[in-house]
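Undergrad: coords please:
(3 chains)
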Amino acid sequence: MPELPEVEVTRQSFAERIRGARVTAVRVGKPLRWPLGRPPESLVGRTVGDVVRRGKYLWIELDRGGLLVHLGMSGSLAFGSGCGAPGPHDHFDLVTARGTLRLTDPRRFGAVVWSPSLDAGAAAKLLAGLGLEPFDPRFDGAHLHAALRRRRVAVKTALLGGDIVVGAGNIYACEALFEAGIDPRTRSDRISRPRAERLAAAVRTTLARAVELGGSTLRNYRDASGAAGRFQLQARVYGRAGQPCVRCDGTVRRIVQGARATFFCPGCQRR
DNA sequence: AAGTGGACCTGCTAGC
DNA sequence: TGCTAGCAGGTCCACT
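TA: From the prediction side, this is the model:
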């Protein structure tokens, strides 16, 4: 589920509320994608600081070290005082004096990993190799063009890779390519500079718009206050195979690229 | 080295 | 109604 917008909206929905809270207990459920790791001292008694996002990861800073959280495909966080007994898909609770932060993740592709800092240990290892943030001023048409020129994979696959720019997953990669009018099958190294400019802009505006709309809720995504996203209601191509294109008189098509579904309009997205 | 395909795990839906 | 195959928002790893 969670691409950059869902992770960012989740962050915004609890960062202010949890800041300054003292950890009173930690509960770990079923194993997740990566082991939690063992902090040198218990997390109990530490104070929560800022919550920051890097790509699709959240870093929950504690007064010493912190927790790196990933929501995988089906994860969501909830923060509040009304959390009852953990259900079968609730795999991590950070209990604080102000409420419990709970990770729910049916498929368990998500993770909570302890790290001494964002720039060292487990976190640094997981974040190594991530591309630029889409809202970083350094991510522009020139940067995207230069990076794409070094690849021969389809441009959609290159966007999903996350080593050029982070945050666009399957939904938003499809949507951004539609906005830019680029066929997702186009080889990366055939994307001209002007088209790279358009694509970089489309990635930024698509992700920004999704954040404004609270992300996409396809199945079970909720922010940490329980609110669903609304972007999926305005998706132009994602999940719309067989339906009319919103821009031309063509029909949205579904193909498979790298074992992932791709949605696009052959009429207005060109190679 | 870059590109490709499989693995991880569970739940839901469409189709028979 | 009940079963099954197929599909799902991500990422790592092994292999070519």
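
Undergrad: what confidence value was assigned to the nearest residue to residue A:234 once chain neighbours are set aside?
TA: Nearest non-adjacent residue to residue A:234, counting by CB to CB, 6 or more residues apart in numbering: residue A:213, 7.1 Å away. Just so you know, the C-beta spots here come from the backbone N, C-alpha and C atoms, and that holds for glycine as well. As predicted, residue A:213 sits at a pLDDT of 96.

Undergrad: likewise for residue A:1?
TA: For residue A:1, pLDDT reads 59.

Undergrad: residues touching the residue of the stretch 101-250 of chain A found nearest DNA strand C, list them.
TA: Distances between the stretch 101-250 of chain A and DNA strand C by CB to the nearest atom of the strand are smallest at residue A:169, namely 1.7 Å. Counting by CB atoms under 8 Å, 6 or more residues apart in numbering, residue A:169 touches A:2-4, A:56, A:160.

Undergrad: mind putting those residues into a markdown table with secondary structure?
TA: Below are the contacts of residue A:169 laid out as a markdown table (DSSP: H, G, I helix; E, B strand; the rest coil):
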| residue | secondary structure |
| --- | --- |
| A:2 | coil |
| A:3 | coil |
| A:4 | helix |
| A:56 | coil |
| A:160 | helix |
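
Undergrad: looking at those residues, spot the one nearest residue A:184.
TA: Among the contacts of residue A:169, residue A:160 lies closest to residue A:184 (CB to CB), at 10.0 Å.

Undergrad: shaky segments in chain A?
TA: A:1 (pLDDT under 70).

Undergrad: kindly list the longest helix within it.
TA: As assigned by DSSP state H, the longest helix anywhere in chain A is helix A:193-212.

Undergrad: what packs against that helix?
TA: Other elements packing on helix A:193-212 under the criterion 3 or more CB pairs under 8 Å, 6 or more residues apart in numbering; DSSP states H and E are helix A:4-18, helix A:141-149, helix A:170-180.

Undergrad: can you redo these as TSV with mean neighbour count?
TA: Output for the helices and strands packed on helix A:193-212, formatted as TSV (neighbours: other CB atoms under 10 Å):
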stretch	mean neighbour count
helix A:4-18	22
helix A:141-149	18
helix A:170-180	25
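
Undergrad: between those helices, which one is closest to residue A:193.
TA: Residue A:193 lies closest to helix A:141-149 among the helices and strands packed on helix A:193-212, at 4.9 Å (CB to CB).

Undergrad: mind saving the C-alpha coords of the closest one as CSV?
TA: C-alpha atoms of helix A:141-149 as CSV (Å, rounded to 0.1, in the frame of the first residue of the first chain):
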residue,chain,number,x,y,z
GLY,A,141,14.9,17.3,-15.2
ALA,A,142,18.6,17.4,-15.6
HIS,A,143,19.2,14.9,-12.8
LEU,A,144,16.5,12.6,-14.0
HIS,A,145,17.7,12.8,-17.6
ALA,A,146,21.3,12.0,-16.6
ALA,A,147,20.2,9.1,-14.4
LEU,A,148,17.9,7.6,-17.1
ARG,A,149,20.6,7.8,-19.7
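
Undergrad: tell me what angle that helix forms with helix A:193-212.
TA: 110 degrees (axes from the mean of the first three to the mean of the last three CA atoms, to 10 degrees).

Undergrad: how about residues contacting helix A:141-149?
TA: A:131-132, A:155, A:158, A:164-165, A:188-189, A:191-194, A:196-201, A:203.

Undergrad: still on that earlier bit, quick one: strands adjacent to the helix or strand following the longest helix of chain A?
TA: Per DSSP states H and E, helix A:193-212 leads on to strand A:253-257 as the next helix or strand towards the C-terminus. Strand pairing for strand A:253-257, using DSSP bridges, gives strand A:260-264 (antiparallel).

Undergrad: residues contacting stretch A:156-163, please?
TA: Residues from elsewhere that reach stretch A:156-163 (CB under 8 Å, 6+ apart): A:55, A:129-131, A:147-148, A:151, A:153, A:164-165, A:168-170, A:173-174, A:176-177, A:184-185, A:188, A:203, A:257-258, A:260, A:262.
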